[in-house]
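A.B. asks: pasting the structure only:
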């Protein structure tokens, strides 16, 4: 499912940016010819040259080579490797306007001859309805990795479009700038330094002079809209850049890096400046997913592993993984005593490292990796890196990134991950990420039992994900405009999670101890007695609950003081 989701998303991205042309041509002299029908008669193709050309062309799982043997007004006839012939109708051709560059496409084609010539060697894909579609090998790359937040088991890992295309595993080898995928970790650090989901931060442009270089740093929101005072929950849900910078500046870069390294990130990958808040750090998709798992599992650092066990030809276990579990405590004393009593009733010399033994196991008396009785109950506990309260509060904000919106205010908004609503699962949370010039796009999201990270970008740093314009040949449900995390990386995440979540119960994120919910005023984050649309319930750590009720004048309730505000805003 993960491979299919990644491949489909890459093909969709690649095709909306235009067609780069055939692989080669068996009739190169026809490339500039306009009279195709006459040329077909003058330059017939032999079966030998078709067979030879197709045998030399590279074959991919989703894309197979074919030769154009005839061109009609709005269709083409092709021959495949097995001498099978097929027709590609206009529906499978209409997308193929010319690729010009990462940001620009040519005019949509009107006829089949606008796209291909007789004798062209092309790649095609077979659709679910058995019709064929013109294709091409994507120049962009992608990666997807999915983990169990409970023990780190890797459920899926896809390092690229095809191993034939590239043997580079981007899941574990590609360190890419993470963009706004870093923000949940910055906000997590902020919560440890006294901020709450209701804290008000100033969403306004920053103009900061670097005295050493004389350069003014002007981080901007994307899109470049500003609303003034904004609660932390909404700032993360809307991925406000300037608020992330202000939070980082408030808690200190060194404190933030210390907090982030607890999630398994290498300090050497984390820039020691304020660009860290905007995702200038370079991490692998596996590192990102491992970090996000701590929010899903309540605050533990899990260790990803791929192999659960190895059996020999006789079914004997010769290796059994023993991962550290995200639990605290993992096994209660009463459960240990029950387990020991259960084990004592088994008449066997060796005990499996499993919860139960079936009859076949007992009769075969199979030797275990760890034959010690106590090993069955010797559970490894993962390291706690953040409190369950911190993990829960960040998860709540990331849930808002998908599910929360406000259409009744002056500044209408919805969370950057809103497209995941299509899954109709309230028990998911996630975060988009896009780097400068859209060189990288990310989406990381999770439920209580699974975390998945999706990345898309180019191996060649000279390319950007760019943008695409409307194709008049296609319907209304097409993706256009600038590429970014929600548009470029999230669709693959959605397609995979639709399948991955199907067998998982809808399991909400339950508040841990010392978390309380109180009604606050949306505009100020203070307590309120109102129950209308100006108020809502918010979660707080015990001890961080607001004590003041709403008053009319809250103009001074901003993160920075008057002097700092004057320096940064004017």
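C.D. replies: Thanks, I have the structure now. Remember, predicted model here, so these are calculated numbers, not experimental data.

A.B. asks: so where's the stretch 451-570 of the chain uncertain?
C.D. replies: Residue ranges of the stretch 451-570 of the chain with pLDDT under 70: 552-570.

A.B. asks: Which helix or strand contains residue 198?
C.D. replies: Under the criterion DSSP states H and E, no helix or strand holds residue 198.

A.B. asks: Next, the nearest residue to it once chain neighbours are set aside: phi, psi?
C.D. replies: Spatial nearest neighbour of residue 198, chain neighbours left out: residue 525 (3.4 Å); criterion: C-beta to C-beta, 6 or more residues apart in numbering. Any C-beta I mention is one placed from the backbone N, CA and C, and that applies to glycine too. With angles defined as degrees, to the nearest 10, residue 525 sits at phi 80, psi 0.

A.B. asks: next one: residue 105
C.D. replies: Residue torsions, per degrees, to the nearest 10, at residue 105 are phi -120, psi 160.

A.B. asks: got a pLDDT number for it?
C.D. replies: In this model, residue 105 is scored at 98, pLDDT.

A.B. asks: wait, the residue nearest to residue 198 sits on residue 230?
C.D. replies: No: the pair residue 525 / residue 230 is not scored as a contact, 9.6 Å apart, by C-beta atoms under 8 Å.

A.B. asks: who's in contact with the helix or strand containing residue 87?
C.D. replies: For residue 87, the host element (DSSP H and E) is strand 85-89. Here strand 85-89 makes contact (C-beta atoms under 8 Å, 6 or more residues apart in numbering) with 66, 69, 74-80, 124, 131-134.

A.B. asks: Would you mind listing the buried residues in it?
C.D. replies: By 16 or more other C-beta atoms under 10 Å, the buried positions in strand 85-89 come out as residue 88.

A.B. asks: Tell me the helix or strand right after it.
C.D. replies: Downstream of strand 85-89 (by DSSP H and E), the next one is strand 99-101.

A.B. asks: Now find how far off-centre that following strand is within its chain.
C.D. replies: 26 Å (C-alpha atoms, centre = their mean, to the nearest Å).

A.B. asks: what about the chain, any weak spots by pLDDT?
C.D. replies: Within the chain, the segments meeting pLDDT under 70 span 30-42, 331-377, 552-570.

A.B. asks: Pop the domain breakdown of it in here.
C.D. replies: As given by automatic domain parsing, the domain ranges for the chain are 20-135, 309-383, 515-569.

A.B. asks: tell me the contacts of the residue nearest to residue 198?
C.D. replies: 196, 198, 199, 200, 231, 538, 546, 557.

A.B. asks: just those residues now: which is nearest residue 384?
C.D. replies: The nearest member of the contacts of residue 525 to residue 384, counting by C-beta to C-beta, is residue 196 at 21.2 Å.

A.B. asks: For residue 76, see how far away the closest residue in space to the closest one that isn't next to it in sequence is.
C.D. replies: Using C-beta to C-beta, 6+ apart and skipping residues adjacent in sequence, the residue nearest residue 196 is residue 544, 5.1 Å away. Distance of residue 544 to residue 76, given as C-beta to C-beta, to the nearest Å: 66 Å.
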